[in-house]
Structure formats: structure tokens, C-alpha cells
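Chemist: got a predicted structure here, sequence first:
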Amino acid sequence: MKKILSLVLTLVLIFTFAACSNTPADVDSEIASSDETVNYADTNVYVLSGPTGIGAANLKDKADKKETDVNYNITVVAQPDEVVSKISNGEADIAAIATNLAAKLYNKTQGGITILAVNTLGVLNVVTPEGVEVDSLQDLKGKKVYATGQGSNPEYVINYLLEKNGIDKDKDLTLEYKTEGTELLTVWSSDPTAVIISPQPVATTLTIQFPTSKIAIDLTDEWDKVSTDSALMMGCVVVRNEFLKNNKATVDKFLEDYNESITKANQDIETTATLCETYGIVAKAAVAKKAIPNCNICFIKGNEMKTKLSGYLSVLFDADKTSVGGKLPADDFYYEG
């Protein structure tokens, strides 16, 4: 009898402990539901006005309203040199800049920055006046073409695409460069049949000032036709490596918030356009509203970014080594997350 009673008590204890103990799934559930707070670092973000900065408009709005988990201080500037200065002296933690400028900064700082994501593809468009039909780059043959950016990215992109399409830039067309994008706005007053290759938002401004003109070709599409291992990636966001090393959780949260901001920029164009004018990213909301669909605002990171951007930077390097700072960035230039 005693033996039976002892056995019963033992079984009761076993089942009692089993009922009280947590299974691995229970433990994981408790951990997942914990309310542990991440301490994000205050983050200074600088963005260039124009297409490169459009993706940050909605994030800046949320940050200014204190609706973000991270305390972002987002500043819009007009000159690339100012961003270079802020990154170099440590005032900027994250910045939205041109991809070739990112490569230059990487080299200038001896690998002191990392590119987090591409935020803008190509922003160059072929714009034609009424009565001039251009359906392909081949149609540029025999025409007078005006552009900006001689000695910089736009010229290298144009030359690459002309060459890939079998067009001799010196013989098959007349190509003239203006110093500033705003100079393109007066071209048709003296040369009404000219074709213009213009960056955004100037290309959109042209179609507003001259309602019978149109954007005929997006050079981003033309790039995709001739290159399968690269893409026309002209804008990005970078981070100082010192900040990244000490605040990886904050950087990853920024990427999450920034992706959300870019998604809204492409989906809610009217609101984004208004914010662009408010924050000085684009001078007028009406221009921004028409320009945003043509600015190729995007969010590309990881292996796709590395493969396609490294290919684009190689094209620039082959055209002019100084365009990327003298040498191509190493693999540690690209953030893997």
C-alpha cells in the first residue's frame, strides 16, 4: 500500500512540474512579447534639395511632428559641398547625396562612410518641343541637342548611352552644354527646334512653361536596354562608419522609416509635393507634383544595390577616374544590413 501511495505522489509531482514549466515555444513567446525599449541615438540627417532629397520629405514631416521613435534632425541643403563638410566634421550622421559623391567621400575619408541604400535612379530626360519627334536615341541623329553637366555625371551618362546606341557624339549630332540647368529654360527662345536633355525638376519645368513640349525619353530606361549588370543609380543615402558602429539599431530603424517615407512619396504625390515646397526640396509644389513620377524615387539596398551600383560607378570611372574620387570603392562601401 505504501509503495502504491508513493508512486501516486511521484506521478502527481511530475505532472505538476510539467504543467508549471515553460516549453521552448512558451519562452520564445514571452521574449517576443516583452516590452524592452531600444534606446535609439539622436540622428542628424542632411539631404540635398532636388530629386535626391524628395524621398526624405515625409520622414522630415513626421520627425518635425515628433512622430518617430528616433529623434531625427533633418536638414535640407542646396550645395553638395555643404554635405561633404558636415559628413567630414562629424556633424552629419546620415546624408542623402549623389552616388558618385558618395564614392568620392568614401575615398576622401579613407573608407569612413558606408552607402546604405540607393534612393534615386536616373533623373535625366530627353525633352522635345512641338513638332520634333524623338522616339529613340537614334532619332537624335542630325539634331541640335542641349544639355548640362559637362565634365560630370550627365556628360558621362549621355556619352555612354550614345556610344552603346552606335551614335558618334562628334559626327552624328551637335551637342552643346549649358553651365546651369536654368539656362535650358531659355534655349527654345533662340533655337525652337532643339532637343534638350535635362535633369529633373528642370525637365518638368520646361513642360510647364512650354505646354506643347513633352518628355520623350527617360534615360534610365535607355540605360536598362544596354546594360544588364548595372543601373543608372544617381542618388543614395550614406552613413558615417563611426556612427554606424555605435548605433546599428538606429541606422536599421532609419532605413525602415526612410523606406516608408519613399513609399509614401511615390503613392501620395500631392502631399509629398506640398512638403517638398515647404522644406525647400523643390521650389514649387506644382513642379514637384509633376516631377515626382519622373524622378525614379526608389529604395534599393543589399546585393542588388551593390551589383548594379558598382556597375554604374565603373562606367563613371572609365570615363573619368576623378568622378568617383580616383578609384572604385571596395566591398565595405556597401551596407549588407
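Modeler: Perfect, I can see it now.
Chemist: in the stretch 1-150 of the chain, what residue spans correspond to helices?
Modeler: 2-20, 24-32, 51-54, 57-64, 80-88, 99-108 (DSSP state H, counting those that start in this stretch).
Chemist: swap in the stretch 201-337 of the chain?
Modeler: 202-209, 219-226, 241-246, 248-267, 269-278, 285-291, 302-319.
Chemist: tell me the mean pLDDT over the third one?
Modeler: So that's helix 241-246. If you average the pLDDT over helix 241-246, you get 97.
Chemist: and that helix, what does it pack onto?
Modeler: strand 113-120 (3 or more CB pairs under 8 Å, 6 or more residues apart in numbering; DSSP states H and E). For every residue, glycine as well, the C-beta is placed using N, CA and C.
Chemist: over to the second one?
Modeler: Contacting helix 219-226 under the criterion 3+ CB pairs under 8 Å, 6+ apart are the following elements: strand 124-128, helix 153-164.
Chemist: in contact with residue 178, which residues?
Modeler: Contacts for residue 178 (CB atoms under 8 Å, 6 or more residues apart in numbering) come out as 146, 147, 148, 184, 187.
Chemist: how much space between it and residue 185?
Modeler: Computed with CB to CB, to the nearest Å, the distance linking residue 178 and residue 185 is 10 Å.
Chemist: repeat for residue 330
Modeler: Distance from residue 330 to residue 185, by CB to CB: 41 Å.
Chemist: more neighbours, these two?
Modeler: residue 185 (17 against 10; other CB atoms under 10 Å).
Chemist: dump the residue contacts of that one.
Modeler: Residues near residue 185 by CB under 8 Å, 6+ apart: 202, 205, 206, 209.
Chemist: now, which of the contacts of residue 178 sits nearest residue 227?
Modeler: residue 147 (20.1 Å; CB to CB).
Chemist: run a quick neighbour tally on the closest residue to the closest one other than its chain neighbours.
Modeler: Once flanking residues are discounted, residue 147 sits nearest to residue 197: 4.1 Å by CB to CB, 6 or more residues apart in numbering. A total of 25 residues lie near residue 197 under the criterion other CB under 10 Å.
Chemist: just residue 286 next, same as before
Modeler: 15.
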